[in-house]
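**Q** give me the fold of what follows.
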Amino acid sequence: MGLNTEKRSPRAHVGSTVGVKFGETVLPATVVEDRGTLGPGGQRLVRVSVNATPSATTTFEVLFDTLLPAPKIVKRMRRSSHSRPKRHRTKQTS
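**A** You can find the predicted model right below:
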């Protein structure tokens, strides 16, 4: 065993995408700053940025040990006006 027993993930560096637990879901987040050992008991803190909506970004600090692997991002397919299903007109009877 070495002197440094801190677990480090090679993928959790500034600019990398990680997962952050938010309730029951895991949100993709980007590490924007490594704050160092400023957490309780000398735990490592990182600042992450989460795109809450397409126009709003939220930035907050989390403990390094709580970071998860980045979730796979599922993009919703948007229908263009050309791919809308055609409406079937019903014949009106008089």
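
**Q** give the contact list for Gly36.
**A** Counting by C-beta atoms under 8 Å, 6 or more residues apart in numbering, Gly36 makes contact with 44-45. Using the backbone N, CA and C atoms, a C-beta is placed for each residue, glycine as well.

**Q** measure it to Ala70 for me?
**A** For Gly36, the distance to Ala70 (C-beta to C-beta, to the nearest Å) stands at 22 Å.

**Q** same check, this time on Val46
**A** 14 Å.

**Q** what's the answer for Phe22, then?
**A** For Phe22, the distance to Ala70 - C-beta to C-beta - is 14 Å.

**Q** which phi and psi does Leu63 have?
**A** Main-chain dihedrals, Leu63, degrees, to the nearest 10: phi -70, psi 140.

**Q** beta-bridge partners for it, please?
**A** Leu45 (DSSP bridges).

**Q** kindly report the same for Thr30.
**A** If you apply DSSP bridges, the partners that Thr30 bridges to are Thr17, Ser49.

**Q** can you offset everything so residue one is 10?
**A** All right, first residue 10 from here; so that's Thr39.

**Q** was I right about it contacting Val29?
**A** No: using C-beta atoms under 8 Å, Thr39 is not in contact with Val29, being 10.0 Å away.

**Q** what about the two, which has more around it?
**A** In this view Thr39 and Val29 are compared by other C-beta atoms under 10 Å, and Val29 has more residues nearby, 21 against 17.
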